[in-house]
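Enquirer: I would like the atomic coordinates for the input below:
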Amino acid sequence: MNVKEGLYFHIPFCKNKCPYCDFYSSKLCGNEAEAYVCKLKKEIEKYSGSFDTVYFGGGTPSIIEPELICDILSCARAQFEIDKESEITIECNPREDLKEAFEIYRKAGINRVSIGMQSAVDSERFALGRAAGKKEVERTVLYAKEAGIENISLDLMLGIPKQTLSSLDESLDFIDKMGVKHISAYMLKIEEGTEFFKRRDTLPLPDEDEVAKMYLKTVNVLEELGIKQYEISNFAAPSFESRHNLKYWELIPYLGIGKTAHSFRNGRRFYYDSSFNIVDDGEGGSDEERIMLGLRLTKGIEKSLLSKPYEQYISAGLMTERDSKIALTPEGMLVSNAIISELI
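Expert: Here you go, the predicted model:
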């Protein structure tokens, strides 16, 4: 039986560039969205395949007309075999009033939304350059549910300007109130080329120890809410894990179409550059990749993949051993880069 792939579309447009973001994006102007979608559809025709997840990422996919998203999806269905039970996700910005858009998305088969919350504390959201507040986030969640989309993910950022352990409680309480099924909780990383990088010496950021406490608190509180950690930055109610993103970590093939979209197919990695040229990125699927990506998951990896000793990490409480597998603990995930670099 052939494993079904994941299909990703990159929609690179935003209203404004967030000061912490280093993903490829551009400000939407004029009829750029229509021209971009036409290009995407031409690229779709170059491929074939069988898929059971589709993901619209960005940028801000919800910034373009919902009919254009549907147009991409219709074209994909005409070209590819897309399973009727597919998980189909779109990333959304709560800044926009998406009531009508969610209705259109749902009719087109989109059954999962990922909402850029970052924080439920308005002062923290505004410090991140977000225009919408907590009320708009709540409105967006409710509109999605009214449209019949129950598989909702919220983004939560940790270690952001003005955030404290106490203010994190407000965001976690809001998550509980919203009753969502999935949380992506990322620690802020100051990337070169961003506005935050220019201002890095003056940003009111919590220190590393405080951020580590925030991370562990998030793991524990979400666990109490029935939203269990399954990956370093991702948490879900049972059966609501992101099927699409799991393909990346489990080295299941995926096809990415659009500017800066990456693919892994037939053992090769390739990507589109910002001019829509395809760039070969070499072989993929090595044991080193299986260790690096597999240890992001709470289920861990087979011990047989390792040729270097790992017992010291178990003794230090940074890893656990279960039958033939080893996995990082939440404490280990805080220093995962260092551990993984030692093991590979």
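Enquirer: which strand of the chain spans the most residues?
Expert: Longest among the strand segments of the chain by residue count, using DSSP state E, is strand 81-92.
Enquirer: for the following helix or strand past it, which positions count as buried?
Expert: Using DSSP states H and E, the helix or strand that follows strand 81-92 in sequence is helix 99-108. By 16 or more other CB atoms under 10 Å, the buried positions in helix 99-108 come out as 101-106, 108. C-betas here are computed from N, CA, C, even on glycine.
Enquirer: adding distance to Lys145, write those residues out as JSON lines.
Expert: Converted to JSON lines, those look like this (distance: CB to CB, whole Å):
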{"residue": "Ala101", "distance to Lys145": "14"}
{"residue": "Phe102", "distance to Lys145": "9"}
{"residue": "Glu103", "distance to Lys145": "12"}
{"residue": "Ile104", "distance to Lys145": "16"}
{"residue": "Tyr105", "distance to Lys145": "13"}
{"residue": "Arg106", "distance to Lys145": "11"}
{"residue": "Ala108", "distance to Lys145": "17"}
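Enquirer: Throw the residues you listed into CSV and include pLDDT and distance to Ser119, thanks.
Expert: Below are the buried residues of helix 99-108 laid out as CSV (pLDDT from 0 to 100; distance: CB to CB, whole Å):
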residue, pLDDT, distance to Ser119
Ala101, 97, 23
Phe102, 98, 23
Glu103, 98, 28
Ile104, 98, 28
Tyr105, 98, 25
Arg106, 98, 27
Ala108, 97, 30
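Enquirer: adjacent strands (with direction) for the longest strand of the chain?
Expert: Partner strands for strand 81-92, per DSSP bridges, with pairing direction: strand 50-58 (parallel), strand 112-118 (parallel).
Enquirer: helices of the stretch 51-200 of the chain, start to end?
Expert: 66-79, 99-108, 122-127, 134-146, 165-178, 195-198 (DSSP state H, counting those that start in this stretch).
Enquirer: tell me which of those helices lies nearest to Leu318.
Expert: Checking the helices of the stretch 51-200 of the chain against Leu318 by CB to CB gives helix 165-178 as the closest, at 22.3 Å.
Enquirer: which other helices and strands does that closest one contact?
Expert: Helices and strands touching helix 165-178, by 3 or more CB pairs under 8 Å, 6 or more residues apart in numbering; DSSP states H and E, are helix 134-146, strand 151-158, helix 208-224.
Enquirer: buried set for that helix?
Expert: Result for helix 165-178 [16+ other CB under 10 Å]: buried residues 167-168, 170-172, 174-175, 178.
Enquirer: returning to what we had before: other residues contacting the longest strand of the chain?
Expert: Applying CB atoms under 8 Å, 6 or more residues apart in numbering, the contact partners of strand 81-92 are 4, 7, 49-62, 69, 73, 76, 98, 105, 109-116, 140, 144, 151, 153, 242-244.
Enquirer: and if you look at stretch 58-67?
Expert: For stretch 58-67, contacts defined as CB under 8 Å, 6+ apart pick out 9-15, 23-25, 28, 33, 37, 69, 90-93, 96, 98, 100-101, 104-105, 108, 116.
Enquirer: what about it, distance to the chain center?
Expert: Centroid separation for stretch 58-67 versus its chain: 16 Å, with CA atoms, centre = their mean, to the nearest Å.
Enquirer: in it, which residues are buried?
Expert: 58-64, 66.
Enquirer: any chance of the residues you listed in a markdown table, with pLDDT too?
Expert: Below are those laid out as a markdown table (pLDDT from 0 to 100):
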| residue | pLDDT |
| --- | --- |
| Gly58 | 88 |
| Gly59 | 86 |
| Thr60 | 91 |
| Pro61 | 95 |
| Ser62 | 94 |
| Ile63 | 93 |
| Ile64 | 95 |
| Pro66 | 97 |
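Enquirer: for stretch 262-271, which residues meet the burial criterion?
Expert: In stretch 262-271, counting by 16+ other CB under 10 Å, buried: 262-264, 269-271.
Enquirer: which one of the residues you listed is nearest Ile314?
Expert: Among the buried residues of stretch 262-271, and counting by CB to CB, the member closest to Ile314 is Phe264, at 31.0 Å.
Enquirer: can you pull the contacts of Glu342?
Expert: By CB under 8 Å, 6+ apart, the neighbours of Glu342 are Lys308.
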